[in-house]
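> here is a sequence with its predicted model. Questions after.
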Amino acid sequence: MLLAIDIGNTNTTLGVFRDQLLIFNFRLTTRIGQTMDEYGIFVRNLLSLAGIQRNTLSGMVVSSVVPPLDDVIETMAKKYLDLEPMFIRPGIKTGLALNVESPSDVGADRIVDCVGALSRYEPPFIVVDFGTATTFDAVSENREFLGGAISPGLKISAESLFHKAAKLPEVPFQKPDMAIGRNTVTNIQSGLFFGYVGLVNGVLSRMKAELSKNSQVIATGGLASVIVPESPLIDAIDEDLTLEGLRVLYEKNHERY
């Protein structure tokens, strides 16, 4: 079985595959301050709760956008899981041509998402990942990554508003009943929710015009289920897209696991 780990700035997602089937996955908060031993004990406990024995894992693949954790996770894998992890880094086989000015600058998370999408959808398509940042990734019908857009994630935008505007209260993020708020709370909720929906639809409409009006749009990430119902431009939600991309990349670079 294969252990796949996606380390994001806010959350870390782990999944276990038996052949091509994702049999278990869980999400935890990314904590840079945690030690290798803390991560090791936590991961082994999670696997135990899922009924997965450590010795049944024969491979491990990691995507990380948090460099300080790379050595921690690698050392943890060797000590607690007896595995040599494969990290998504330049030079691995992806099956995805990076048709951009600086291929080495493309984040591992964006490559993983696009590879995962290529295993499930026909290009051209756009992948929208609602994470700490929201990324928009365009893939051509020739299976080329053409670039895209990066915007502040919804939570970052909300936190910035609350911290910089001292008189505005921190409110729960949710869709208000009306765009015209009748009090401070619903004013803020309207601006955050409908403002972000407008951002997403605006970027997607321009990208579809440049890529292909028939391009599929696939959404993933923690807030996808909140935003997608408000966007007629998004065709599907694929919550396990990143883990699927990690599995595919591992298979491309290892004959078997």
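Thanks, I have it.
> hey, let's count contacts and neighbours off CA atoms from now on
Noted.
> what's the distance between the closest residue to residue 221 other than its chain neighbours and residue 151?
Closest residue to residue 221 apart from its sequence neighbours, by Cα to Cα, 6 or more residues apart in numbering: residue 130 at 4.5 Å. Look at residue 130 and residue 151: by Cα to Cα, to the nearest Å, they are 10 Å apart.
> try residue 218
Per Cα to Cα, residue 218 is found 17 Å from residue 151.
> I'd like the next helix or strand past the top helix by length along the chain.
Secondary structure of the chain per DSSP state H: the longest helix is helix 184-211. Sequence-wise, the next helix or strand downstream of helix 184-211 (DSSP states H and E) is strand 216-221.
> just the angle between that following strand and helix 184-211, please?
Here the directions of strand 216-221 and helix 184-211 differ by 140 degrees (axes from the mean of the first three to the mean of the last three Cα atoms, to 10 degrees).
> which outside residues touch strand 216-221?
Strand 216-221 is contacted from outside by 117, 123-131, 228, 233-242, using Cα atoms under 8 Å, 6 or more residues apart in numbering.
> which among those residues end up buried?
Buried members of the contacts of strand 216-221, scored by 16 or more other Cα atoms under 10 Å, are 117, 123-131, 228, 233-234, 237-242.
> keep only those of the contacts of strand 216-221 that are in helices.
Among these, the subset assigned to helices under DSSP H consists of 117, 241-242.
> for the stretch 151-257 of the chain, which spans come out with low pLDDT?
Judged against pLDDT under 70, the low-scoring parts of the stretch 151-257 of the chain cover residues 164, 166-167, 255-257.
> Three-state assignment for the residue lying farthest from the centre of the chain, please.
Within the chain, the residue lying farthest from the chain centre (Cα atoms, centre = their mean) is residue 182, at 35.2 Å. The three-state label given to residue 182 by DSSP: H, G, I helix; E, B strand; the rest coil is coil.
> and the gap between it and residue 190?
The value you get for residue 182 to residue 190, if Cα to Cα is used, is 10 Å.
> please apply the same query to residue 135.
For residue 135, the distance to residue 190 - Cα to Cα - is 22 Å.
> what do you get for residue 158?
Per Cα to Cα, residue 158 is found 12 Å from residue 190.
> swap in residue 22?
When distance is defined by Cα to Cα, residue 22 is 37 Å away from residue 190.
> looking at it, residue 123 is touching residue 145, isn't it?
No - shown here, residue 123 and residue 145 do not form a contact pair, counting by Cα atoms under 8 Å, at 10.4 Å.
> where do the contact lists of these two overlap?
With Cα under 8 Å, 6+ apart as the test, residue 123 and residue 145 both reach residue 139.
> helices along the stretch 51-200 of the chain, start to end?
70-76, 108-118, 154-164, 184-211 (DSSP state H, counting those that start in this stretch).
> list of residues touching stretch 54-69?
Taking Cα under 8 Å, 6+ apart as the rule, stretch 54-69 contacts 1-9, 32, 44, 47, 70, 81, 83-88, 107-109, 112, 246-247, 250, 257.
> this structure: strands as residue ranges?
Using DSSP state E, the strands of the chain run over 2-7, 11-18, 21-29, 59-64, 86-87, 97-98, 125-130, 133-139, 144-152, 216-221, 236-237.
> tabulate the ones you listed in a markdown table, adding columns for distance to residue 162.
Shown next, in a markdown table, are these (distance: least, Cα to Cα, whole Å):
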| stretch | distance to residue 162 |
| --- | --- |
| strand 2-7 | 26 |
| strand 11-18 | 21 |
| strand 21-29 | 22 |
| strand 59-64 | 29 |
| strand 86-87 | 36 |
| strand 97-98 | 38 |
| strand 125-130 | 20 |
| strand 133-139 | 18 |
| strand 144-152 | 15 |
| strand 216-221 | 23 |
| strand 236-237 | 29 |
